[in-house]
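J.: Need coordinates for the following:
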Amino acid sequence: MERLTAADAWYLYLESPVVHLHVTGLLLLDPSTAPTGFSFKKLRRHVAGRLDVMAVLRRRLVEVPIAIDHPTWIEDPAFDLDNHLHHHVLAGSGSTDELALFVGEFSEVQLDRSRPLWDMVVVEGLDDGRVAVVTKMHHCIVDGVSGVDIMAHLLDLAAVPKRRRHRTTWDPEVVPSSTEALAGATWNRATTPLRPMRAAARVTSSMAQMARTVIERRLRGADTAAHPLNAPRTRLNGSITKRRSVAFGLASLEDMKTIKRAFGVTVNDVVLAACTAGLRSYLETHDHLPDRPLVCSVPVSVHGQNGAGESTNQVSNMFVNLPVQLADPVDQLQRIHAGSVGAKEIQGAVGVSMISDVVELIPATLFHFASRMYSLAGLADRLAPVHNLIISNVPGSPVPLFLAGARVVGLFPFGPLMEGTGLNITILSNMDDMNIGLIACPDLVPGLEDLLDAIIAGIDTLLKAAAELDADGGSVATIRS
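T.: Numbers count the residues shown, from 1 in each chain. The predicted structure is shown next:
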């Protein structure tokens, strides 16, 4: 039995009937590379043979009565792979639009907390002969980096991988009664009485350091960094519903690197600039373009940093202004680069344990109650948005990957939506491609394909600007922080 850390439990406490805090993934496979063919039965054998190195997939939650401490994990004595692995054949034309509709509907359904918190569907019937594998994992067991790690255990570097020994049995545990769970949580609280005090001390220190950083930046005349609760109200923001829609596509990683080199910025700056150009076009089309920047929340991995702890979710956060009020994509890129420098300074000052410390200070019942009431009362329609959207950029594999012999030709991530924020954009590199995944609440953000097309067009515009700069002999150091 293992108790969840505060950082992982955070994603359970924030969940509500409309806020589904699982991460959805779409793998597109080329079955022609499988030496002995590809089938659902073959994939099932493959997954079953890897469970010994993916122990998290056989764990289930044991929640604590009155939530006096965080839930625990146990090895599920009732684990059955067939409860989590399913087969589906598209009934229509098998188009990309039909697949996107299926993925959106799949992501609408919350995971059952009485079972291990994941699900997987093999989807056949695509018109191009490919096979899709759609996954869903709760955020309390996976973040961007740990999700890639799980995929590393499931995927291979060759169509015919080296033989490996695996353990086909495991040690299931007895599900504790409510009384036993309550007693264990009470004992854990009693033996760690200083947890809230230590968390309060770290929060105070982090807030003081952040304030010093902001003051120092202002004294040296640096650009004002983005901060939450200063976001303009747009059609991206409001009370979300249970409904979800997705869109996905590919861009060239080399194109992004070309833009990066030409303007002396980072790939993440290019990602944010392309999204900014796409969002400007989309909001302008819908007559919702604000006269000031959008505020974007950018998750930042802190895996391996001191103070990050042992949580699965080792994530900090920075806020970046997306200057959609500027018409020129190069001007947008310049502003984003300057703003990202300040955002990184402030994010570094906050510390890596802020989320877990806040969770330790606020009782879980209050946290969960506040989250549900925020949704039920429709406060997202009345209060200023915390941020306008979430954008994540996750590094993936630079080499080919295979699943049960089938080559992975697309790997698209779809992060969760938070109340009041109807759009999440996640981009993951895979070989020479940037895999772009958009998920939205369609009641706030309709026409997601149009936004995807506008983002890809933004990359093309920046690439042309980079080529013109190179042709003119321009300096690569044209962007100043």
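
J.: so how many other residues sit close to residue 323?
T.: Here the count is done by other Cβ atoms under 10 Å, and residue 323 has 21 residues near it. The C-beta positions use only the backbone N, C-alpha and C, and glycine is treated the same way.

J.: and what of residue 157?
T.: A total of 12 residues lie near residue 157 under the criterion other Cβ under 10 Å.

J.: quick one: it and residue 398 touch, right?
T.: No: with contact defined as Cβ atoms under 8 Å, residue 157 does not count as touching residue 398 (11.2 Å).

J.: Can you read off the pLDDT for the residue nearest the centre of the chain?
T.: Centre of the chain computed as the mean C-alpha position; nearest residue by Cα atoms, centre = their mean is residue 415, 3.7 Å away. At residue 415 the predicted local confidence, pLDDT, stands at 93.

J.: Now for the residue lying closest to it once chain neighbours are set aside, how many residues are close by?
T.: Nearest residue to residue 415, sequence neighbours excluded (Cβ to Cβ, 6 or more residues apart in numbering): residue 424, at 4.4 Å. The local packing of residue 424 (other Cβ under 10 Å) involves 24 other residues.

J.: what pairs with residue 424 across the strands?
T.: When assigned by DSSP bridges, residue 424 has beta-bridge partners residue 390, residue 439.

J.: same deal with the one 10 residues further on?
T.: The bridge-partner assignment for residue 434, based on DSSP bridges, gives residue 251, residue 429.

J.: Give me the distance between it and residue 354.
T.: Residue 434 sits 29 Å away from residue 354, taking Cβ to Cβ, to the nearest Å as the criterion.

J.: which of the two has more neighbours?
T.: Neighbour comparison, residue 434 and residue 354: the larger count goes to residue 434, with 24 against 20 (by other Cβ under 10 Å).

J.: quick one: the more buried one and residue 250 touch, right?
T.: Yes: counting by Cβ under 8 Å, a contact exists between residue 434 and residue 250, whose distance comes to 6.9 Å.

J.: that older thread, got a list of what the residue nearest to the centre of the chain touches?
T.: Contacts were defined as Cβ atoms under 8 Å, 6 or more residues apart in numbering; by that measure residue 415 touches 23, 390, 392, 424, 426, 437, 439.

J.: so which of the residues you listed is the most crowded?
T.: Neighbour counts for those peak at residue 439, which has 28 neighbours (criterion: other Cβ under 10 Å).

J.: Could you list which residues are in contact with it?
T.: With Cβ under 8 Å, 6+ apart, residue 439 has these contacts: 24, 104, 107, 244-246, 414-415, 417, 423-424, 426.

J.: so where is this protein shaky, pLDDT-wise?
T.: Judged against pLDDT under 70, the low-scoring parts of the chain cover residues 144-146, 164-169, 214, 217, 219-224, 303-313, 347-352, 473-481.

J.: how much space between residue 206 and residue 218?
T.: Using Cβ to Cβ, residue 206 is found at 19 Å from residue 218.

J.: now do residue 454
T.: Per Cβ to Cβ, residue 454 is found 35 Å from residue 218.

J.: if you count what's nearby, which of those two comes out ahead?
T.: Counted by other Cβ under 10 Å, residue 454 and residue 218 do not tie: residue 454 has more neighbours, with 20 against 11.

J.: hang on, isn't the more buried one packed against residue 281?
T.: Yes: in terms of Cβ under 8 Å, residue 454 counts as a neighbour of residue 281; the distance is 4.1 Å.

J.: Work out for me the element residue 213 sits within.
T.: If you go by DSSP states H and E, residue 213 is part of helix 195-219.

J.: Could you list the paired strands of the helix or strand following that helix along with their orientation?
T.: Sequence order places strand 237-238 as the next helix or strand after helix 195-219, per DSSP H and E. Pairing partners of strand 237-238, with direction, according to DSSP bridges: strand 420-421 (antiparallel).

J.: Give me the contact list for the partner strand.
T.: Strand 420-421 is contacted by residues 236-240, 297, 374, 379-380, 383, 385-390 when judged by Cβ under 8 Å, 6+ apart.

J.: one more time with 10 Å, if that's ok
T.: Contacts made with strand 420-421 from outside it, assessed by Cβ atoms under 10 Å, 6 or more residues apart in numbering, are listed as 19, 231, 236-240, 297, 374-375, 379-381, 383-390, 440-441, 444-445.
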